[in-house]
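**Student:** Return a 3D structure for these sequence lines:
(chains A, B, C and D)
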Number of protein chains: 2
Amino acid sequence: MKEKELRRSLAVLPIGTVMKLANLSARQIRYYEEQDLIHPERNAGNRRMFSLNDVDRLLEIKDYLADGINMAGIKEIYAQQQQKAAQQAADLARPLTDNDVRRILHDEFLNISGFKAKNGPEFPTH
Amino acid sequence: MKEKELRRSLAVLPIGTVMKLANLSARQIRYYEEQDLIHPERNAGNRRMFSLNDVDRLLEIKDYLADGINMAGIKEIYAQQQQKAAQQAADLARPLTDNDVRRILHDEFLNISGFKAKNGPEFPTH
DNA sequence: AAATGATGTAATATTTTCTTACATGAATGA
DNA sequence: TCATTCATGTAAGAAAATATTACATCATTT
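**Tutor:** As a prediction, this is how the structure comes out:
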């Protein structure tokens, strides 16, 4: 369902709409952007334009704040999520080559025989 | 999927966004509203706010116009659609009563025996 | 040719949003 | 406790978006 993702990431909402949907003040929304928690686009006239994904994230941020997590904490949460996503993307980007397979088998044998491979595999192993 | 319908009918888009999504001028959009082909909501400051359904309809209108159908024609098309929808809603609103069933059976017998019922059933028959 | 239909354009008012700056109350840390 | 920091409110002034109204235009219909 690629089209759905596209729809949800389309920046079509002005800040006034987002304020109502997320029940946040313009000040709060702009502050969260300043803190790099969201990254709304800008239209030709420099107005912020938000996507449905942005709204979802704002609602998430609200929840985290309600749970007593502060900006720094939320920032870290998203940093880790993005870290994980980047890793998965990298994994997907390069499927296993025959050479990878040989190296994996080689490392496996080293492990079994009690030796330690110098570097963990930087490709998907499952 | 009631929530989806709700989402699609939420008036969240300003006219500037709609202009881009439907590739129509503000003049055209306002004119179609004047012709009662769309009915965007208004926010507290009197700005038109459109739903995704509104955008869909605008794209439909564009197609009809491209096919050479004029405002009057499009208006009629929507009038008939709304007519049909109203009828279906009415049908759904009143489920069959025991009495309806008896009348249907009665009419069926009349038909079989070559007679004609005075009035067609005004309730769903399937 | 005159009228109508669909759209463009201009003028002016109002609303929305932007940035920047300062204020504030709660929580934190020295 | 006193000074900071954090998260948010508020105000001011500028710029952008939108509203309404009126007139222009070009094609089609009558």
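**Student:** dump the residue contacts of the residue in chain A that DNA strand C sits nearest to.
**Tutor:** Using C-beta to the nearest atom of the strand, A:Gly16 is the residue of chain A that sits closest to DNA strand C, at 2.6 Å. (Each C-beta comes from the backbone N, C-alpha and C, glycine too.) Contacts for A:Gly16 were tallied using C-beta atoms under 8 Å, 6 or more residues apart in numbering or on different chains; they are B:Asn43.
**Student:** Can you get me a residue count around A:Glu41?
**Tutor:** By other C-beta atoms under 10 Å in any protein chain shown, 14 other residues sit near A:Glu41.
**Student:** What count of nearby residues applies to the nearest residue to it once chain neighbours are set aside?
**Tutor:** Counting by C-beta to C-beta, 6 or more residues apart in numbering or on different chains, A:Ala11 is the residue found nearest to A:Glu41 once chain neighbours are left out, at 4.0 Å. A:Ala11: 18 surrounding residues under other C-beta under 10 Å.
**Student:** again with A:Gln35
**Tutor:** Using other C-beta under 10 Å: A:Gln35 sits among 13 other residues.
**Student:** then stretch A:54-69 to CSV, C-alphas only?
**Tutor:** Presented in CSV, the C-alpha positions along stretch A:54-69 are these (Å, rounded to 0.1, in the frame of the first residue of the first chain):
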residue,chain,number,x,y,z
ASP,A,54,3.3,15.1,11.3
VAL,A,55,0.0,15.2,13.2
ASP,A,56,0.4,11.7,14.4
ARG,A,57,3.9,12.5,15.7
LEU,A,58,2.5,15.6,17.5
LEU,A,59,0.0,13.4,19.2
GLU,A,60,2.8,11.0,20.2
ILE,A,61,4.8,13.9,21.6
LYS,A,62,1.8,15.0,23.6
ASP,A,63,1.5,11.5,25.0
TYR,A,64,5.2,11.4,25.9
LEU,A,65,5.0,14.7,27.6
ALA,A,66,1.9,13.6,29.5
ASP,A,67,4.0,10.7,30.7
GLY,A,68,6.5,13.1,32.2
ILE,A,69,9.2,12.6,29.5
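**Student:** any idea whether the residue of chain A at minimum distance from DNA strand D is helix, strand or coil?
**Tutor:** Nearest residue of chain A to DNA strand D: A:Gly45, at 2.0 Å (C-beta to the nearest atom of the strand). Secondary structure for A:Gly45, judged by DSSP: H, G, I helix; E, B strand; the rest coil, is coil.
**Student:** Run a quick neighbour tally on it.
**Tutor:** A:Gly45: 6 neighbours (other C-beta under 10 Å).
**Student:** any idea of the pLDDT on it?
**Tutor:** At A:Gly45, the pLDDT value in this model is 98.
**Student:** circling back: hang on, isn't the residue nearest to A:Glu41 packed against A:Met49?
**Tutor:** Yes: between A:Ala11 and A:Met49 there is a contact at 3.9 Å, judged by C-beta atoms under 8 Å.
**Student:** tell me the contacts of the residue nearest to A:Glu41?
**Tutor:** Residues near A:Ala11 by C-beta under 8 Å, 6+ apart: A:40-41, A:49-51, A:54.
**Student:** What subset of these is buried?
**Tutor:** A:40, A:49-51, A:54 (16 or more other C-beta atoms under 10 Å in any protein chain shown).
**Student:** follow-up on the earlier one: so what's in contact with A:Ala11 and A:Met49 at the same time?
**Tutor:** With C-beta under 8 Å, 6+ apart, A:Ala11 and A:Met49 have common neighbours A:40-41.
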